[in-house]
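Enquirer: Sequence plus predicted model, see below.
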Amino acid sequence: MAALIKEEKENTLEQEKIASIRYWVANILYQLDLIEPYVTLGFFRRPKLASVLGMKDLKDESEKNPQFVIERIQKVCHEIIETTRSPYPSNLEKNVASLYKTIDLTDTEQEILKFAIIMDYSSEIQNALFVLEEKINQERSNLKILSLLLELSEKSIKKALSPNSTLSLSGLITIRYRSSELYEYLDPFSSTFVDIMVDYENDDVYDLFKDAIRRVSSVTLTYNDFSHISHEIQVLRDFLSSSIKQKRIGTNILIYGKPGTGKTELAKFLAKILNVELFEVSYADKRDEPINGKERIAAYKVAQYLFGQKSVMLLFDEIEDVFDDIHLASAFLGKRPTQENKGWINHILEKNRVPTVWISNSIDIIDPAIIRRFDLVIHMPVPPRSKRKAIAEQFLGKYVSKQTINIISEHENIAPATISKASNVLDLITNQKKRADKEAHFIISSMLEAQGHKPLSKLKNLISFSYNPAYINTTIDLEHIAQGIAENPNARICLYGPPGTGKSAFGKWLANRLDRPFIVKKGSDLLSMWVGGTEKNIANAFQEAEKDDAVLIFDEIDGLLQDRHQAHRSWEVTQVNELLTQMEAFEGIFIATTNLMENLDQASLRRFDLKLHFDYMRLNQAKTMFIELCQILDLKSPDNDILCIVASLRNLTPGDFAAVLRQNRFHPIKDAEDFAKRLQEEVMMKNVSSNIKMGFVAS
């Protein structure tokens, strides 16, 4: 029964559409006096038009007896006009009425909209209008033609089609003022919109635009997921909250950043915390075909009228593609924009009723004059290392080792979306019981290189042993220092002591603790053979650290900070002066390391907030580290004799342990005794000066 009712309804709709098309073909020919040219110019011989009028059998008569055919068509057209119950299908009538409840269209605007839609829907109506190109264009304006067809005054039609009318401003119809052809003069919102208006009855007005404007699903993200931009979130939340409450006109936010950094997710999160619905101007239809710029801008205009009185937000993604597509690139590509384009851009950024979040991958190509039109411009950075690590653990933890997680998190250009995509691939090519470090490394590195970034650091067949302050012999607790710097991130520290005691590694460990990038410059990286080159390199290093908010580490600073009293050349003094000047101006964290403290400029040392000595390992540190590494290497626990070998070693450093672990890659350690002997060999190779304290420091 239900199927029968559905079939009857479909048949009724089809009959309504046929009747509507017949009515408008007849009306155009009859009201515009086109029947005679329609026959004499050969249009009648087109089978579709003849069929619409139900006069296909008279096609051949049009040549033999044209007057007879003309009179017959006049009679048929008059009968069609007089007997047609409604000039439009019921779906179209109902959908326009539904639109009227949301978008306050005048009666004239509603009539024009219905006619424009049925005209765009029917190729037969367009064929009937082709006669206008031959006869009427030179005699009657489009306003006059519409007045005759719709039986409305030219004055009311002119008002309804003016640039400031609701019909025009809403984007439901784009009026092509320069077009002389009626079927081009009135350009409906989109072809999909036309089909929906005619073919379907929609209870929800938003369904009329569901391909072009769609509800955005909510997110499960929390404030913690955006902790790296907590200040920006606060500003955005407060600004949007006030704008929505006050129904502020012209609220626009531009969010930009590298692809995959979470710009769209941020927009969703803002809607979530503000408890408002978020709608998106779609960039693809239900068939995943791209929507062109003209239709996207029309959708944006419609959205202002659909949601103008509601507490909602609008999302407009990939804006650079749109403006290029609709030939507004002149304004957005730094070229001199036309006055017309300027006025259009000013209008959409100053008159929009719905708060809009605009998203772009880059603002480099956008004219600064346009950027100034936005209320807020927010940069979405790649998440910091700790956040990248958490994301990598979330998506890849079941597939890869901690070493791979660390390598991924250290890459400063890896976006969350890249990690998520890699996880999707691994889901298909492996299972949770299998480690896929090499596969994950390959997938992510390939994506990074395709994006113009360097690949991940190489996987190392090396036992992972993280920096542990417990094995570093200093006079001050390193954890305590890290906590103090975290609270007051402005420090200049000089680390000195024998090689391998963990000075440079401390700088990297501190950066990770503070969740900041680190920049390491060796003295040889900064020294230049050109006059002034070293000073320039020093200045550039500090500028880079300031820009990236990074911990700056100058390793082996001996050649840069020599005692000026022993200088023989002027540039040796100027490079020291440049370094001291940059240190004074730098408001970040600067760490210098040296093995030769006594050779440094003594006056310069006063510029450091802290001079920290790193010494050889204490006996208890060496034994504990040795036992722990035996466990990691899956070696049998060392007995007292082996521990005595370790205890007998003098001048042992964490660097010695690292060297033996590197040997293990190609020359595996057999047992604990072998491990101890290799450490012994490392120590014996050292050439320690007689004036440096020998042996372990007492526990």
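Expert: Cool, got the structure.
Enquirer: So this structure: which segments form each domain?
Expert: As assigned by the TED database, the chain contains the domains 1-203, 213-379, 385-451, 469-615, 619-691.
Enquirer: got these as TSV, with mean neighbour count columns?
Expert: Yep, even glycine has a C-beta here, placed from its N, CA and C like the rest. Below are the domains of the chain laid out as TSV (neighbours: other CB atoms under 10 Å):
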stretch	mean neighbour count
domain 1-203	17
domain 213-379	17
domain 385-451	18
domain 469-615	17
domain 619-691	16
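Enquirer: Pipe those into TSV and attach distance to Ser457 and mean pLDDT per row.
Expert: Output for the domains of the chain, formatted as TSV (distance: least, CB to CB, whole Å; pLDDT from 0 to 100):
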stretch	distance to Ser457	mean pLDDT
domain 1-203	48	82
domain 213-379	20	82
domain 385-451	5	86
domain 469-615	13	84
domain 619-691	15	88
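Enquirer: Lys458 is nearest to which of those domains?
Expert: Closest to Lys458 of the domains of the chain, according to CB to CB: domain 385-451, at 8.1 Å.
Enquirer: about what we covered before: can you list the domains of the chain in CSV and add distance to Lys458?
Expert: As requested, the domains of the chain are exported to CSV (distance: least, CB to CB, whole Å):
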stretch, distance to Lys458
domain 1-203, 50
domain 213-379, 23
domain 385-451, 8
domain 469-615, 18
domain 619-691, 12
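Enquirer: Out of those domains, flag the one nearest Leu459.
Expert: Of all the domains of the chain, it is domain 385-451 that lies closest to Leu459, at 5.5 Å by CB to CB.
Enquirer: How far off centre is the closest one?
Expert: How far domain 385-451 lies from its chain's middle: 19 Å, per CA atoms, centre = their mean, to the nearest Å.
Enquirer: After the lengthiest helix in the chain, heading C-terminal, what element do we hit next?
Expert: Determined from DSSP state H, the single longest helix within the chain is helix 2-31. Tracing the chain C-terminally past helix 2-31 and defining elements by DSSP states H and E, one meets helix 35-40 next.
Enquirer: list the helices and strands the longest helix of the chain packs on?
Expert: helix 47-52, helix 66-83, helix 90-102, helix 107-121, helix 123-134, helix 142-150 (3 or more CB pairs under 8 Å, 6 or more residues apart in numbering; DSSP states H and E).
Enquirer: residues in contact with Ile118?
Expert: Ile118 makes contact with 20-21, 24, 88-89, 92, 125, 198, according to CB atoms under 8 Å, 6 or more residues apart in numbering.
Enquirer: Just give me the closest of those to Ile472.
Expert: Within the contacts of Ile118, proximity to Ile472 (CB to CB) peaks at Val198, which comes in at 77.0 Å.
Enquirer: Mind telling me what element the closest one is part of?
Expert: Take DSSP H and E as the rule and Val198 turns out to sit in helix 191-199.
Enquirer: Report the backbone C-alpha coordinates of that helix in PDB.
Expert: This file holds the C-alpha atoms of helix 191-199, laid out as PDB (Å, rounded to 0.1, in the frame of the first residue of the first chain):
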ATOM      1  CA  SER A 191      21.900  23.600  -9.900                       C
ATOM      2  CA  THR A 192      21.600  21.300  -6.900                       C
ATOM      3  CA  PHE A 193      19.400  23.900  -5.200                       C
ATOM      4  CA  VAL A 194      17.200  24.100  -8.300                       C
ATOM      5  CA  ASP A 195      16.700  20.300  -8.400                       C
ATOM      6  CA  ILE A 196      15.900  20.200  -4.700                       C
ATOM      7  CA  MET A 197      13.400  23.000  -4.900                       C
ATOM      8  CA  VAL A 198      11.500  21.300  -7.700                       C
ATOM      9  CA  ASP A 199      11.900  17.600  -7.000                       C
END
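Enquirer: following that helix, which helix or strand comes up?
Expert: The helix or strand immediately downstream of helix 191-199 is strand 213-215, counting by DSSP H and E.
Enquirer: hmm, who's touching that next one?
Expert: By CB under 8 Å, 6+ apart, strand 213-215 touches 206, 277-282, 299, 302-303, 306.
Enquirer: Check the secondary structure at Ile519 for me.
Expert: strand (DSSP: H, G, I helix; E, B strand; the rest coil).
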